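# predicted model and sequence follow; I will ask about them next.
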Amino acid sequence: MMVEETKKEDHFLQLKDITTTFGSIVALNNVNFSVKKGEVVCLIGPSGCGKSTLLRTANWLTPPDKGSVSLDGVLVGSESNKNMSLNEMKVLNGIRAKMGMVFQQFNVWPHLDALENVVRAQLVVAKRSRKEAEEKATKMLFDVGLGEKIHDWPDNLSGGQKQRLGIARALAMDPVLMLLDEPTSALDPELVSEVLNVLKRLANEGMTMIIVTHELGFASQVADRVAFMEDGKIIEEGPPNVILKSPKTQRLRLFLDKLNITSFTPS
Amino acid sequence: MKFDLSYTIDALPRLLEGATVTVQVALLGFLFSITLGTIIVLTRTTLNWRILNGIIAVYVSFIRGTPLMIQIFLVYYVLPVTGLNLGAFTSGILAITLNSAAFVSEILRGGLTSVPKGQFEAAKSLGVSGVALWGRVILPQTFIASIPPLVNEFTQVLKATALLSIITVVELLRVSQQIYSANYHPVEILSGAFIIYFLLCFFVSRGSVLLENHWRVRRA
Ligand SMILES: Nc1ncnc2c1ncn2[C@@H]1O[C@H](COP(=O)(O)OP(=O)(O)OP(=O)(O)O)[C@@H](O)[C@H]1O
Ligand SMILES: [Mg+2]
């Protein structure tokens, strides 16, 4: 299942000719998007422009109508394998585990305590022993600052703590790529930094990440590249100091103006 | 004729024996009904075959739209015609199961809709799918969300078992009838049965509260 031409460094993750429609809505319009190993890309754009759909294409949660995705030269999915066999599903599950996903609404499992949230997928997908999984989970929880909360229930955690639990759960699978969909949008302002600090640490450690975010200050600090989407297309992309300071397109300029009015970012 | 408590007390050992059968029938019937209800909900949502869904919908509306007593008679009298001779006890459990599963499947369907889509997505994004997705992530949450109506349904089942006396299952009510048709003291004996049924349901409901607290079910 190797796709030779995508083996290049530049195409660690490669989304090729992706078109996704929901009825009459074109969520992604023939998008080509690649991420290098170790690169941090921030996705910005107005509501409904297709940011979430793009992320969810990467791990095949939302299979596109057309196009293919590969990770490190291995095919994740293409339009031809929409009806998967059990075996193909197993392969996809293995790949998905390597792409950690973090959600705006956290989506931690409320019926399991913090430790068990991080343990479960390790047992089922990575086939680790319980002892191994618990050791790993404990370490991951300490790493995101939840060392004291190991046996707490999600209901008793703050939003920021839930999100860090979600991040620990993904990291326990030893992902090679992280997909983060507005990880701080549902948080009270004072809790945003505790999550962003974890993400900054990950970026410094060289984790490849795609982050949908409206935190432009954060984006300019951690992103190697910022991509601006509108109407299912990537309109403009480049290094943050170029994209955010001197946008080429009128649409991006308008979008940034609007963001700067609603969320004050001194620079 | 005044109320003579000694008749109730004398009957107590036999009444309790009958109550044991009542509890047995209720537990077994409910266990099977939970199993069948779960299977119904799973086929409905994961297979989603139109014909199967239609059959399930017809089954549920027939069960809900007819008296349980007729359902019990039908199972008891119709099955032997087809050559299947199950006996009163098994027929009774089967009737209870078929009846209760229709309600349980509706309860679980409601519980399932309370599980956010994000719970599925989080699992899938970690590579958890199929049996593990349902068994370890979705169904546990469905059941926890359904605890109050499920416990309520169990008390319904517990009370419904009294109807099995008409097909000669020797449960609490049948035992009571046997006793008072011999000693002609129906008030004392039925009062005893009355209290026993009440205590059973009372403790089940109390258990529900404990179960809920254990799972920290969020109340709106
Ligand atoms: N499951 C779905 N069914 C129908 N339409 C959908 C579905 N998912 C997304 N869409 C539509 O596709 C378009 C792109 O949605 P998407 O969620 O990717 O936008 P977004 O950029 O993430 O927006 P937001 O900033 O609001 O999260 C929107 O018009 C949305 O309504
Ligand atoms: Mg979105």
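Structure received. Quantities reported herein were computed from a predicted structural model and do not represent experimental measurements. Residues are numbered from 1 along each chain as shown, chains lettered A, B, ... in the order given. Ligands and ions are numbered 1, 2, ... in the order given.
# so for stretch A:68-85, what's the average pLDDT?
Summarised as a single mean, pLDDT over stretch A:68-85 is 86.
# same question, stretch A:204-222
Stretch A:204-222 shows a mean pLDDT of 94 in the predicted model.
# so that stretch, near chain B or not?
No. Contact check for stretch A:204-222 against chain B, using Cβ under 8 Å from any Cβ of the partner chain: none in range, with a minimum separation of 13.1 Å. The C-beta positions use only the backbone N, C-alpha and C, and glycine is treated the same way.
# only the buried residues of that stretch, if you could.
A:207-216, A:218-220, A:222 (16 or more other Cβ atoms under 10 Å in any protein chain shown).
# which stretches of chain B form helices?
Counting by DSSP state H, chain B has these helices, from start to end: B:5-42, B:50-64, B:68-81, B:87-113, B:117-125, B:130-132, B:139-145, B:147-160, B:172-183, B:186-215.
# and the residue of chain B found nearest ligand 1, how many neighbours?
Nearest residue of chain B to ligand 1: B:Lys117, at 9.0 Å (Cβ to the nearest ligand atom). Here the number of neighbours of B:Lys117 (other Cβ atoms under 10 Å in any protein chain shown) works out to 9.
# residues touching the closest residue to A:Gly147 other than its chain neighbours, list them.
The spatially closest residue to A:Gly147, leaving aside those adjacent along the chain, is A:Leu141, at 6.0 Å (Cβ to Cβ, 6 or more residues apart in numbering or on different chains). Going by Cβ atoms under 8 Å, 6 or more residues apart in numbering or on different chains, A:Leu141 touches A:114-115, A:118, A:147, A:149-150, A:165, A:168.
# now A:Leu141: phi and psi?
phi -70, psi -40 (degrees, to the nearest 10).
# now A:Met84: phi and psi?
Note on A:Met84: backbone dihedrals following degrees, to the nearest 10 are phi -80, psi 150.
# which residues touch it?
Contacts of A:Met84 were listed using Cβ under 8 Å, 6+ apart, and they are A:Leu92.
# ok, it to B:Thr43 distance?
Using Cβ to Cβ, to the nearest Å, we find A:Met84 at a distance of 20 Å from B:Thr43.
# repeat for A:Ile95
Taken as Cβ to Cβ, the spacing of A:Ile95 relative to B:Thr43 amounts to 29 Å.
# tell me which of the two has more neighbours.
Taking neighbours as other Cβ under 10 Å, A:Ile95 and B:Thr43 compare with A:Ile95 leading, 22 against 16.
# can you list the buried residues in the helix or strand where that one lies?
With elements delineated by DSSP states H and E, A:Ile95 resides in helix A:86-97, which encompasses its position. Of the residues in helix A:86-97, those buried under the neighbour-count criterion (16+ other Cβ under 10 Å) are A:91-93, A:95-97.
# now for it, which elements pack on it?
If contacts are counted by 3 or more Cβ pairs under 8 Å, 6 or more residues apart in numbering or on different chains; DSSP states H and E, helix A:86-97 sits against strand A:74-78.
# quick check: angle from the strand it packs on to helix A:86-97?
110 degrees (axes from the mean of the first three to the mean of the last three Cα atoms, to 10 degrees).
# is strand A:74-78 in proximity to chain B?
No. Judged by Cβ under 8 Å from any Cβ, strand A:74-78 makes no contact with chain B; its nearest approach is 12.1 Å.
# how about the helices of chain B, which one is nearest A:Pro46?
Among these, the nearest to A:Pro46 by Cβ to Cβ is helix B:117-125 (22.3 Å).
# and that closest one, anywhere near chain A?
Yes. Using Cβ under 8 Å from any Cβ, helix B:117-125 comes into contact with chain A via B:118-119, B:121-125.
# name the member of these with the most neighbours.
Comparing the residues of helix B:117-125 next to chain A on neighbour count, B:Ser125 comes out first with 28 neighbours (neighbours: other Cβ under 10 Å).
# spatially central residue in chain A, please.
The residue lying closest to the centre of chain A (Cα atoms, centre = their mean) is A:Leu179, at 1.2 Å.
# next secondary structure after the helix holding A:Ile95?
Sequence order places strand A:99-102 as the next helix or strand after helix A:86-97, per DSSP H and E.
# who are the packing partners of the helix or strand following that following strand?
Beyond strand A:99-102 on the C-terminal side, the first helix or strand identified by DSSP H and E is helix A:114-124. Identification of packing neighbours for helix A:114-124 by 3+ Cβ pairs under 8 Å, 6+ apart yields helix A:130-143, helix A:159-171.
# let's have these in CSV, adding mean pLDDT.
What follows is the helices and strands packed on helix A:114-124, written out as CSV (pLDDT from 0 to 100):
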stretch, mean pLDDT
helix A:130-143, 96
helix A:159-171, 96
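# and those helices, which is most packed in?
Of all the helices and strands packed on helix A:114-124, helix A:159-171 has the most neighbours on average by mean count of other Cβ atoms under 10 Å in any protein chain shown, namely a mean of 25.
# contacts for that one, please.
Under Cβ under 8 Å, 6+ apart, the answer for helix A:159-171 is A:100-103, A:106-108, A:114, A:117-118, A:121, A:137, A:140-141, A:143-146, A:149, A:154, A:157, A:178, A:183-184, A:186-188, A:191-192, A:194-195, A:198-199, A:202, B:122, B:125-126.
# confirm A:Glu236 sits in a strand?
Yes. Counting by DSSP: H, G, I helix; E, B strand; the rest coil, A:Glu236 is located in a strand.
# identify the residue nearest it in space, chain neighbours excluded?
With sequence-adjacent residues excluded and distances taken as Cβ to Cβ, 6+ apart, A:Glu236 is closest to A:Phe228, at 4.7 Å.
# Three-state assignment for the one you found, please.
Assigned state for A:Phe228: strand (three-state reduction, three-state DSSP).
# contacting residues for it?
Going by Cβ under 8 Å, 6+ apart, the list of residues near A:Phe228 reads A:44-45, A:234-237, A:243, A:247, A:249, A:251-252, A:255.
# let's see 6 Å
The neighbourhood of A:Phe228, defined by Cβ atoms under 6 Å, 6 or more residues apart in numbering or on different chains, consists of A:44-45, A:235-236, A:252.
# circling back to that earlier point, how far away is the residue nearest to A:Gly147 from A:Leu165?
Shown here: A:Leu141 relative to A:Leu165, a distance of 8 Å by Cβ to Cβ.
# run through chain B and note the low-pLDDT ranges.
In the predicted model of chain B, residues B:1, B:216-220 satisfy pLDDT under 70.
# mind doing that once more with 50?
By pLDDT under 50, the low-scoring segments of chain B are B:217-220.
# spell out which parts of it neighbour chain A.
B:118, B:122, B:125-129, B:132, B:140-141, B:144, B:216 (Cβ under 6 Å from any Cβ of the partner chain).
# if we use 10 Å, what do you get?
Residues of chain B that fall close to chain A, judged by Cβ under 10 Å from any Cβ of the partner chain: B:115-133, B:135-145, B:215-218.
# buried members of those into PyMOL, please.
To isolate the buried subset of these in PyMOL, counting by 16+ other Cβ under 10 Å, use the following:
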select buried, chain B and resi 115+119+120+121+122+123+124+125+126+127+128+129+132+133+136+137+138+139+140+141+142+143+144+145+215
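# about what we covered before: so for A:Val76, which of the helices of chain B sits nearest?
Ranking the helices of chain B by distance to A:Val76, with Cβ to Cβ as the measure, places helix B:117-125 first at 12.5 Å.
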